[in-house]
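Peer 1: The following block contains a protein sequence and its predicted model.
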Amino acid sequence: VRPTKEETGLDLPNDARYSKDKKAIVFSMADDNGFDTEEGAKNKDIYVSLYKDNKWQKPFAMANPLNSRFNETFPVLSPNEKMIWFSSDRDLNFGRLDIYVSYRENVNDWNSWSSPILLGEDFNTVDNDYVIRVEDSLVVLTQDETMKKDNDVYLSGNTSLNIVSGKLKDNNNNPIQCKVIIVNKADYSTINMVNTNANGFYAFIPPEKPYYILPEKNN
């Protein structure tokens, strides 16, 4: 459900969406204080406004690695608020805007998101891909950013993603920021790589083949 200015008092873009309990609103916008630091840059970041003290609070940008110097747009929270689905043109993807998922370590901490996970061909195409809504067991997608009710939905998929998560700390219990490499057990080839966040937290969708997890810091 898209929030309105009459309900919230906020000027919100057309990708703004409530959380299931209507105590949070997520949306994207370009801002001079965003994560895209190039002069004149207009890439969007994901923001959240929380309902506290009987009013909607000033929106704030979620931290890296959820946001980046690339576009992050059309965010939708899962019903349990453990995952956020959004579109981005970051990294090597299927083409243009693709759908990513980030997994949250702590449902009460809006800056505890994992490095975003690029979803596969069940969700992404060579064109721009957007999430319309996420239900308990279904995510509904479109390629039309206007999100109008009369537009065709081209794909739907199951939200039951098998996500492996963990946390890396050193001997002094300090979080480790590094790469986490997922390696094929059979030939030690690299299958995937993700980064830990500032709390040392990481998440990824495991491959079907047996694998090892190897942290890599400073080569």
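Peer 2: Everything's here; your move. Residues are numbered from 1 along each chain as shown.

Peer 1: in stretch 6-13, what counts as buried?
Peer 2: Burial within stretch 6-13, assessed by neighbour count using 16 or more other CB atoms under 10 Å, is assigned to 8, 10, 12. (Glycine included, C-beta is placed from N, CA and C.)

Peer 1: same deal with stretch 181-192?
Peer 2: Those would be 181-183, 191, for stretch 181-192 by 16+ other CB under 10 Å.

Peer 1: May I see those residues arranged in JSON lines, with distance to Gly95 as well?
Peer 2: Formatted as JSON lines, these follow (distance: CB to CB, whole Å):
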{"residue": "Ile181", "distance to Gly95": "25"}
{"residue": "Ile182", "distance to Gly95": "24"}
{"residue": "Val183", "distance to Gly95": "27"}
{"residue": "Ile191", "distance to Gly95": "22"}
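
Peer 1: which one of these is nearest Asn128?
Peer 2: Proximity to Asn128 was ranked across the buried residues of stretch 181-192 by CB to CB; first place goes to Ile191, at 27.0 Å.

Peer 1: pretty sure that closest one contacts Lys185?
Peer 2: No - with contact defined as CB atoms under 8 Å, Ile191 does not reach Lys185; the gap is 9.9 Å.

Peer 1: shared neighbours, the two?
Peer 2: Taking CB atoms under 8 Å, 6 or more residues apart in numbering as the criterion, Ile191 and Lys185 both touch 209, 211.

Peer 1: can you give me the helices in the chain?
Peer 2: 5-8 (DSSP state H).

Peer 1: if I look at Val140, how far off is Asp21?
Peer 2: Distance from Val140 to Asp21, counting by CB to CB, to the nearest Å: 20 Å.

Peer 1: which one of these two has more residues nearby?
Peer 2: In this view Val140 and Asp21 are compared by other CB atoms under 10 Å, and Val140 has more residues nearby, 16 against 10.

Peer 1: what about the residue nearest to the more buried one when sequence neighbours are not counted, neighbour count?
Peer 2: Spatial nearest neighbour of Val140, excluding adjacent residues (CB to CB, 6 or more residues apart in numbering): Ile132 at 4.6 Å. Applying other CB under 10 Å, we find 17 residues neighbouring Ile132.

Peer 1: was I right about Ile117 contacting Pro206?
Peer 2: No - Ile117 lies out of contact with Pro206 (CB under 8 Å); the separation is 10.9 Å.

Peer 1: measure Asp136 to Phe27 for me?
Peer 2: According to CB to CB, Asp136 and Phe27 sit 22 Å apart.

Peer 1: Which of those two has more residues huddled nearby?
Peer 2: Phe27 (22 against 10).

Peer 1: In contact with the residue nearest to that one when sequence neighbours are not counted, which residues?
Peer 2: The shortest distance from Phe27 to any non-neighbouring residue, by CB to CB, 6+ apart, is to Ala16 (3.7 Å). The contact partners of Ala16, taken as CB under 8 Å, 6+ apart, are 2-3, 25-27.
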